[in-house]
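J.: pasted the sequence and its predicted model underneath.
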Amino acid sequence: MTLTKLNENTAAMKKIRSAPTVVYPSSDGEPMAETERHRRALEDLVDMVDRHFRDVPDVHVSGNLLLYYEEGDPHKVISPDVFMVRGVSKKELRTYKTWEQSPTLDFVIELASPSTFTRDFKEKKEIYAKILQVQEYYIYDPYHEIEPSFVGFRLIDGEYEEIAFIDGRLPSEVLGLELGEREGALRLYNPNTRTWLEPSRDRAAKAETRAQDAETRALEAERLAQEEAQARQNVEAELAKAQEVLKRLQQ
């Protein structure tokens, strides 16, 4: 190798080492949700959608995950509160990069508030429709402080069209479910089984209640059995006394 060639290789190596590395953070330092009600809604919705698709391969459900939509520019980022996408494995992701995963999301929910609704209805809506081509986009305010507090859009020919309510619920073609309020919280309704999906926290609470009820019934049954046994002992004791008295009288 000539000295000139060696110098060229050395210069190239230095250039490679000095090339800036693009960093895509996995956190923006912001809290997961504005309030506890927003946080519960986020966790419950992710849980219900994920459980609904648990047996369907390559359906990824997540929430509050930084999504980067332009390679090389970490400022092109958005963080859907809840989203579902087909064609992506269920493995855990630290961030979502559209050039590595499916670039098209199928379903997004933003949990809005007075401080976020302008961005939810304008900037995010534009990104979801034009760049990410999200098939269905929903906005929900758990406190009903904005108007409209619950609305859904479906992508038709590259533009969002508002979804009409049916029986007080918004039907999702993507999920095969309906979104509606139940007992003051956003829940999912299965029109095929005519049942509401329950988040894990509700199912766990009901299971605990059933277990406590079963334990209470078992303790009550045990108490009654003990009382019956004591009553039998008392009757037997009284009978023995009566027999003893009768025996003495006969003598």
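T.: Arrived safely, thanks for sending. The structure presented is a predicted model; accordingly, all values stated were derived computationally and were not measured.

J.: may I have stretch 139-151 as CSV, with CA atoms only?
T.: Taking Å, rounded to 0.1, in the frame of the first residue of the first chain, the C-alpha atoms of stretch 139-151 are listed here in CSV:
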residue,chain,number,x,y,z
ILE,A,139,-60.2,12.2,20.4
TYR,A,140,-61.6,11.8,23.9
ASP,A,141,-61.7,14.1,26.9
PRO,A,142,-62.2,12.2,30.2
TYR,A,143,-63.4,15.4,31.9
HIS,A,144,-65.7,16.6,29.2
GLU,A,145,-64.1,20.1,29.4
ILE,A,146,-63.7,20.5,25.6
GLU,A,147,-66.3,20.5,22.8
PRO,A,148,-66.6,18.0,21.2
SER,A,149,-65.4,15.9,24.1
PHE,A,150,-65.6,12.7,22.1
VAL,A,151,-65.2,12.4,18.3
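
J.: state the mean pLDDT of it.
T.: In this model, stretch 139-151 has a mean pLDDT of 97.

J.: and that stretch, which residues are buried?
T.: 139, 140, 141, 142, 146, 150, 151 (16 or more other CB atoms under 10 Å). Just so you know, the C-beta spots here come from the backbone N, C-alpha and C atoms, and that holds for glycine as well.

J.: the residues you listed in strands, which ones?
T.: Among the buried residues of stretch 139-151, DSSP state E puts 139, 140, 150, 151 in strands.

J.: name the helix or strand for the residue nearest in space to the middle of the chain, please.
T.: In the chain, the centroid-proximal residue (CA atoms, centre = their mean) is residue 46; its distance is 1.6 Å. Residue 46 is part of helix 36-52 when elements are defined by DSSP states H and E.

J.: and the helices in the chain, which stretches?
T.: 3-18, 36-52, 117-121, 123-126, 200-250 (DSSP state H).

J.: what packs against the second one?
T.: Packing contacts for helix 36-52, counted by 3 or more CB pairs under 8 Å, 6 or more residues apart in numbering; DSSP states H and E, involve strand 59-62, strand 82-86, strand 107-111, strand 185-190, helix 200-250.

J.: what's it in contact with?
T.: Helix 36-52 has contacts (CB atoms under 8 Å, 6 or more residues apart in numbering) with 32-33, 61-64, 81-82, 84, 107, 109, 111, 113, 140, 142-143, 175, 177, 185-188, 197-201.

J.: try it again with 6 Å
T.: For helix 36-52, the surrounding residues in contact (CB atoms under 6 Å, 6 or more residues apart in numbering) are 32-33, 61, 63, 81-82, 84, 111, 142, 186, 188, 197, 199-200.

J.: can you list the weak-confidence ranges in the stretch 1-150 of the chain?
T.: In the predicted model, the stretch 1-150 of the chain carries pLDDT under 70 at residues 1-20, 28-29, 31-32.

J.: apply 50 and report the result again.
T.: Counting by pLDDT under 50, the stretch 1-150 of the chain has low-confidence residues at 3, 6, 15-18.

J.: so the chain: which segments form each domain?
T.: 21-198, 199-251 (automatic domain parsing).

J.: do you know which of the helices and strands packed on helix 36-52 lies nearest residue 72?
T.: strand 82-86 (22.0 Å; CB to CB).

J.: give me the helices and strands touching the closest one, please.
T.: For strand 82-86, the elements it packs on are helix 36-52, strand 59-62, strand 107-111, judged by 3 or more CB pairs under 6 Å, 6 or more residues apart in numbering; DSSP states H and E.
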